[in-house]
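Q: Model the structure of this input:
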Amino acid sequence: MASKKLKLSSKAHLPFKTANKEKRQGLHIKRKKAQDSIRRDERFRRRREEDRDPSLREERLKANVPLTLERKRVWDEVDRDTSDGVGLSVDVERLKRQRLEEEKDALEEDETQIPDSEEERDSMIDSASEDEIEKPTLPQKSLKRKTATERATSPVQSTTSTGLNFTPEALAAKFPNLFSTDTPPIPKILITTSLNSTLHNEGQLLTTLFPHSVYIPRSSHRYGHKFSVREIASFASNRNYTAVLVLKEDLKKPTGLTVVHLPFGPTCHYSISNWIEGRRLPGHGNPTSHIPELILNNFRTPLGLLVAKSFQTMFPPQPELQGRQVVTLHNQRDYIFLRRHRYVFREKRATEKNVVGPDGKEVEGAQGIRAGLQELGPRFTLKLRRVDRGIQRASGQEWEWKVRMEKERTKFQL
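A: Numbers count the residues shown, from 1 in each chain. Below is the predicted model:
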């Protein structure tokens, strides 16, 4: 016979067992009610304590960060000299900042160890030969790896803008066509499709997305010459085009995008999913011919910097701000989400709250301002599949997606 006072047990689903099905159902309902009552009492107790001491609420909100896969992300353990590989999952910005700090510490130690008098310098030269003098070693800082909980409570990393100033020298030497120190030329893009394609409307939409672009359909006539991508790239390079985009099709839907950088590559192959035209978006706007602003988010590895630089070269460096258009490429879990919006700044309404930053505090200087967004489209999702050194597969691959790469869910390539 069940007692009136409910005693919960952490080892069983029910406080006690019975063979009667109806009784089991009733006991389960009582257990759920008891758990809800305990949680409610705990919630009200915590509220009373936080009302007396507001600092407790700030500490709780600061630590109350969900433990997502992005925050469980792991990096490759590599040496400093080999951290510039394209296929390595390393945080380029963190490594470069760490190198600068170590060089600064080494210079400070060298300044403190410089002998004051000339006699001390002569004695140091005479005491040992050049071969016997040991080279000073850089101080190795103890790098303690943070746990998943510590990474989860750290500031948000997935919304930070990508800094292309941290590009490794080896990556810039490997792709001089993209990472050139000279003034970049004005982008001129040729957009086409695969053979026998029906994606003519989608090709025209891409011309509104990329400035200074033109769409030329590939011939599908039975007696016409079927130009290859290499021939199209040679044709476009002779006419001062900077890139060729090839839109791929399957079942009359866009499924792939090939970006060929002229004149020597590299070539990036992407798969496309979730393609939605602007006219199918609720509350959409119509794009104008103004040059948009470009936002690149969360590209942190050498491969991610290569992808970010690839898209940056397809947009002019000076946007036309009067158009108030912005194109966003946000990387999350190796999926690149492309969105295009028009923004407007307006006054805050009385029913709206102030802007709050990642730390939970209000942003200074933005108390009475709000930003309104209107999506223009098209929107779609890209996933990098292959990077060729030159034009097409015959030139060799720098990186290629393989089947087992997503088996470890906490490791990402971009």
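Q: mind showing which ranges of this structure have poor pLDDT?
A: 1-16, 79-84, 113-159, 360 (pLDDT under 70).
Q: so how far is the lengthiest helix in it from its chain's centroid?
A: Of all segments of type helix in the chain, defined using DSSP state H, the longest is helix 21-52. Its chain's C-alpha centre and that of helix 21-52 lie 41 Å apart, by Cα atoms, centre = their mean, to the nearest Å.
Q: all strands of the chain, in order?
A: Along the chain, counting by DSSP state E, strands occupy 189-193, 213-215, 243-250, 253-261, 267-276, 293-297, 325-332, 335-347, 369-375, 379-388, 397-400.
Q: now for the longest helix of the chain, which elements pack on it?
A: Packing partners of helix 21-52 (3 or more Cβ pairs under 8 Å, 6 or more residues apart in numbering; DSSP states H and E): helix 54-63. The C-beta positions use only the backbone N, C-alpha and C, and glycine is treated the same way.
Q: could you dump the helix it packs on to PDB, C-alpha only?
A: The C-alpha trace of helix 54-63 is given here as PDB (Å, rounded to 0.1, in the frame of the first residue of the first chain):
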ATOM      1  CA  PRO A  54      21.600  41.200  -7.100                       C
ATOM      2  CA  SER A  55      25.200  40.000  -7.600                       C
ATOM      3  CA  LEU A  56      24.000  36.400  -7.400                       C
ATOM      4  CA  ARG A  57      21.800  37.000 -10.400                       C
ATOM      5  CA  GLU A  58      24.700  38.400 -12.400                       C
ATOM      6  CA  GLU A  59      26.900  35.400 -11.600                       C
ATOM      7  CA  ARG A  60      24.100  33.000 -12.500                       C
ATOM      8  CA  LEU A  61      23.400  34.600 -15.900                       C
ATOM      9  CA  LYS A  62      27.100  34.800 -16.700                       C
ATOM     10  CA  ALA A  63      27.600  31.100 -16.100                       C
END
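Q: Which neighbouring elements make contact with it?
A: Under the contact definition 3+ Cβ pairs under 8 Å, 6+ apart, helix 54-63 sits against helix 21-52.
Q: Next, the buried residues of the helix it packs on.
A: L27, R31, E50 (16 or more other Cβ atoms under 10 Å).
Q: How about stretch 172-191?
A: Residues of stretch 172-191 classed as buried by neighbour count (16+ other Cβ under 10 Å): A172, K174, F175, L178, F179, P187, K188, I189, L190, I191.
Q: Next: stretch 383-396.
A: Buried positions in stretch 383-396, judged by neighbour count with 16+ other Cβ under 10 Å: K383, L384, V387, D388, G390, I391.
Q: First-to-last residue distance for it?
A: With Cα to Cα, to the nearest Å as the measure, stretch 383-396 spans 20 Å from end to end.
Q: before we move on, what about stretch 49-68?
A: Across stretch 49-68, the terminal residues are separated by 29 Å (Cα to Cα).
Q: How far off centre is that stretch?
A: Distance of stretch 49-68 from its chain centroid, counting by Cα atoms, centre = their mean, is 29 Å.
Q: next one: stretch 378-394
A: 16 Å.
Q: circling back: deepest of the strands of the chain, which one?
A: Counting by mean count of other Cβ atoms under 10 Å, strand 189-193 has the highest mean neighbour count of these, with a mean of 23.
Q: hmm, back to that, just want the angle from the longest helix of the chain to helix 54-63.
A: Computed by axes from the mean of the first three to the mean of the last three Cα atoms, to 10 degrees, the angle separating helix 21-52 from helix 54-63 equals 120 degrees.
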